[in-house]
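# predicted model and sequence follow; I will ask about them next.
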Protein chains: 2
Amino acid sequence: MEKSEQKRNDPRGSPEYVKNPHVAAMKEDILYHLNLGTGTHDLPAMFGDVKFVCTGGSPTRMKEFIEYIAVVLGMEDPKSEYPNICEGTDRFAMYKVGPVVSISHGMGVPSIAIMLHEVIKLLHHAGCTDVTIIRIGTSGGLGVEPGTVVITKQALDGKFQPKMEQIILGKTVERSTELDQGLAEELLQCSKELNQFQTVTGNTICTMDFYEGQARLDGAFCSYTEKDKQEYLHKAKEAGVCNIEMEATAVAAMCNLSGLRAAVVCVTLLDRLKGDQVTSSHEVLQKFQQSPQILVGHYIKKQLKAKAVQG
Amino acid sequence: MEKSEQKRNDPRGSPEYVKNPHVAAMKEDILYHLNLGTGTHDLPAMFGDVKFVCTGGSPTRMKEFIEYIAVVLGMEDPKSEYPNICEGTDRFAMYKVGPVVSISHGMGVPSIAIMLHEVIKLLHHAGCTDVTIIRIGTSGGLGVEPGTVVITKQALDGKFQPKMEQIILGKTVERSTELDQGLAEELLQCSKELNQFQTVTGNTICTMDFYEGQARLDGAFCSYTEKDKQEYLHKAKEAGVCNIEMEATAVAAMCNLSGLRAAVVCVTLLDRLKGDQVTSSHEVLQKFQQSPQILVGHYIKKQLKAKAVQG
């Protein structure tokens, strides 16, 4: 495909995902936590065709996702070998099949922010266009049955504000956590077509702590009562919150800033209005975790089919 | 050893590490991210003798550390098999030899906070006393030669304040990030005895982001100049900062709150006054990362020897 054609196929033109004038002046860029770099790897050859980056906390789950997506797209490796592209580091694990990258992000905003900084630069160096980033994760639900998939409308902080605060050069900077509403709607439509599991759209709280930050009573520290907890969670429910996790604001803020289409699709492992501990069996949790993969797999297949018809 | 004796050997009595009245009322406690629990594991039998918890970001490095500490303490497994105690989850990896636990913490405050909540509850359920927690990590240096080991005096946030801010039930809570100065001095003394690598004590900035949060010019986003960056880093230097990393405030705040002795011992991989990218070879970085392990191994051996003489 010629470069001009590639641009024509991209409805939003060819946006510059990297918003940093210094990057152009760098002789070499070492993507330290991915164990990749412009001086050591031919990034356009390796990643130039990428259209979807799917990410979740666990490296094992992201390996399972690439195996699944290979089947969905009919691109299975006959030997079923999907090498970890980030081999040589254990910070993140990355896999690729056709236009789909599957990468782990660890737990929490700082961890996923490192991954996103380096993946956004990777997409830039590889000359990628029209890329969509989707987090497929796990979360605690709020007033929904365990196993429900939540597609995030708005990513909120622990004070129910749609923003991410960061300290840059000693000053607090606020970034908007808007997500692509069209993409969220398309994903919801996919779930209706599949009709395999309950799916809702709703707001998502992203916290910096799993225990006190999410009003749990079962952490090493807790200085509030069950009543305080229920009040907070009910206030969240009133703010349209359907689930709580630990990465949504970073996905929203960073993709928003770079101009990448992004979505957050998380399954709920428990209903936080009814408890704090994850008590379901390993088998049930495994099944739950497949739902976001099935949903996003269906979406990707549909998108690629539509593009093939257009092309 | 009888319980009374155990208490007598503990100079600080037997503090309650968990500060949460709800934990005592729980029938079972599932330490979800460790894949351990009071209903499924005999935690006192597995962990009752633990005196040192050493932690670092990378699971591979923490496996190397347990192999190293086994040699240092003369407690090598003849088959060199050190099973991952958290097998069944890939969130953290945990190893144990004698009184030493080695556990990974991932990257960033939220990730290490999950681990610390669950490890502090683990120590509680196992009835451990007189425990010391030491982070052995990597960092960016400030005006020190790459390879220098920094023992943290004070853990600071990105505004050079010795505190950690958390949102709990929608309100911002501030926690002190005091570290044990006696322990820092003892570790410095150990490094003098070893005389193998440069070691200093100094303040450590802990950030929520590796790129903009640490004034790097090489992230996906950057809206400041080299001059702005140098001004910020020089102000940090004036505040006694010797290195920048991503977990120190959580270690300090959470161990402080629970009454655990804690230290942060990080090697510097580069001098941030001279650059942003980690350009040293894999071999050089591997060597650097061994220094905190050697230092903490020496400290643990010395402590156990002193206790054996006392006993």
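Here it is on my side, so go on. Residues are numbered from 1 along each chain as shown, chains lettered A, B, ... in the order given.
# any buried residues in the helix or strand containing A:Ala70, and which?
According to DSSP states H and E, A:Ala70 maps onto helix A:59-72. Using 16 or more other CB atoms under 10 Å in any protein chain shown as the test for burial, helix A:59-72 gives A:59, A:61-70, A:72. The C-beta positions use only the backbone N, C-alpha and C, and glycine is treated the same way.
# TSV for those residues, including distance to chain B and pLDDT?
As requested, the buried residues of helix A:59-72 are arranged in TSV below (distance: CB to the nearest CB, whole Å; pLDDT from 0 to 100):
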residue	distance to chain B	pLDDT
A:Pro59	6	97
A:Arg61	8	97
A:Met62	10	98
A:Lys63	10	97
A:Glu64	11	97
A:Phe65	14	98
A:Ile66	15	97
A:Glu67	16	96
A:Tyr68	17	97
A:Ile69	19	97
A:Ala70	21	97
A:Val72	23	97
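# follow-up on the earlier one: what helices or strands is the helix holding A:Ala70 leaning on?
strand A:52-56, strand A:94-97, strand A:100-104, helix A:282-310 (3 or more CB pairs under 8 Å, 6 or more residues apart in numbering or on different chains; DSSP states H and E).
# would you list these in a markdown table and tack on mean neighbour count?
Listed next are those as a markdown table, based on neighbours: other CB atoms under 10 Å in any protein chain shown:
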| stretch | mean neighbour count |
| --- | --- |
| strand A:52-56 | 25 |
| strand A:94-97 | 22 |
| strand A:100-104 | 26 |
| helix A:282-310 | 17 |
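# distance of the residue at minimal distance from the centre of chain A from chain B?
Centroid-nearest residue in chain A: A:Arg135, 1.6 Å away (criterion: CA atoms, centre = their mean). Distance of A:Arg135 to chain B, given as CB to the nearest CB, to the nearest Å: 15 Å.
# make sure that residue is actually in contact with A:Val264.
Yes - counting by CB atoms under 8 Å, A:Arg135 touches A:Val264, with 4.7 Å between them.
# list residues touching both of these two?
A:247-248, A:251 (CB atoms under 8 Å, 6 or more residues apart in numbering or on different chains).
# what comes into contact with stretch A:253-262?
Residues outside stretch A:253-262 that contact it (CB under 8 Å, 6+ apart): A:12, A:15-19, A:113, A:116-117, A:120, A:123, A:131-135, A:155, A:163-164, A:175-180, A:183, A:251-252, B:220-221.
# so which of the shared contacts of A:Arg135 and A:Val264 are in helices?
Using DSSP state H, the members of the shared contacts of A:Arg135 and A:Val264 that fall in helices are A:248, A:251.
# buried ones only from the shared contacts of A:Arg135 and A:Val264, please, as a PyMOL command.
Buried residues among the shared contacts of A:Arg135 and A:Val264 (16+ other CB under 10 Å), as a PyMOL selection:
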select buried, chain A and resi 247+248+251
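# near chain B at all, stretch A:176-196?
No - Stretch A:176-196 stays out of contact with chain B when judged by CB under 8 Å from any CB of the partner chain, the minimum separation being 13.5 Å.
# buried residues in that stretch?
Those would be A:177, A:179-180, A:183-184, A:186-188, A:190-191, for stretch A:176-196 by 16+ other CB under 10 Å.
# of the contacts of stretch A:253-262, grab the buried ones for PyMOL.
The following PyMOL line selects those of these that are buried, judged by 16+ other CB under 10 Å:
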select buried, (chain A and resi 17+18+19+113+116+117+120+123+131+132+133+134+135+155+163+164+175+177+179+180+183+251+252) or (chain B and resi 220+221)
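# which of the contacts of stretch A:253-262 fall in helices?
Per DSSP H, those map to helices at A:113, A:116-117, A:120, A:123, A:183, A:251-252.
# what's A:Phe221 in contact with, if anything?
Neighbours of A:Phe221 in contact, by CB under 8 Å, 6+ apart: A:211-212, B:18-20, B:117, B:254, B:257-258.
# any idea what it is bridged to?
B:Lys19 (DSSP bridges).
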